[in-house]
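# this one's sequence-less:
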């Protein structure tokens, strides 16, 4: 039998997606993003809390080391203007380190507006690196309702961080 030519040759399959396949893929992606976004936000807030807690720990360690190096008292305190101690328990605007003559040694800048940081009005480290205050001094760092840290400074000037609600 001979072919009459009434049948068209088979076409090659086209590359790419049809509109329906593309819409289904976008819908699945939207569902995955909706499910993953809240947990991703928690991860970001946790990282922000850890970073800021480490910044406070660094400041405390630096102040203690500076007191030992100088053999004289230094004061770590909250500061709104980065030039003088504010005698405030709100450390969110930044903090400074001054020597016993109130000469500025170092500054730390303001933390993000959405974060709160409270602590003692002043921390005085004496020449041997110990605190000149009561046995424990606590800082409270809050990034969100679910992410907060307590930074505890003991009498000998060592600090530790605990993930806990303030």
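In hand now; what should we look at? For clarity, every value in this text was computed on a predicted model and none was experimentally measured. Numbering: from 1, shown residues only.
# quick check: buried residues in stretch 131-141?
Residues of stretch 131-141 classed as buried by neighbour count (16 or more other CB atoms under 10 Å): 131, 137, 139, 140, 141. To be clear about C-beta, it is placed using only N, CA and C from the backbone, and glycine gets the same treatment.
# helix or strand right after the helix or strand encompassing residue 26?
Using DSSP states H and E, the secondary-structure element containing residue 26 is helix 19-70. Per DSSP H and E, the first helix or strand lying C-terminal to helix 19-70 is strand 74-78.
# quick one on the thing from earlier: mind putting the buried residues of stretch 131-141 into TSV with secondary structure, pLDDT and distance to residue 111?
Shown next, in TSV, are the buried residues of stretch 131-141 (DSSP: H, G, I helix; E, B strand; the rest coil; pLDDT from 0 to 100; distance: CB to CB, whole Å):
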residue	secondary structure	pLDDT	distance to residue 111
131	strand	92	23
137	strand	86	19
139	strand	92	12
140	strand	94	13
141	strand	93	8
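# follow-up on the earlier one: packing partners of the helix holding residue 26?
Helix 19-70 makes packing contacts with strand 74-78, strand 95-99, strand 104-108, strand 122-125, strand 137-142, strand 148-153, strand 159-163 when contacts are defined by 3 or more CB pairs under 8 Å, 6 or more residues apart in numbering; DSSP states H and E.
# nearest to residue 68, out of those?
In terms of CB to CB, the element of those nearest to residue 68 is strand 122-125, at 8.1 Å.
# how about the most centrally placed residue in the chain: what's its closest non-neighbour residue?
With distances taken as CA atoms, centre = their mean, the residue of the chain nearest its centroid is residue 48 (2.3 Å). In space, and not counting its chain neighbours, residue 48 is closest to residue 143: 5.1 Å by CB to CB, 6 or more residues apart in numbering.
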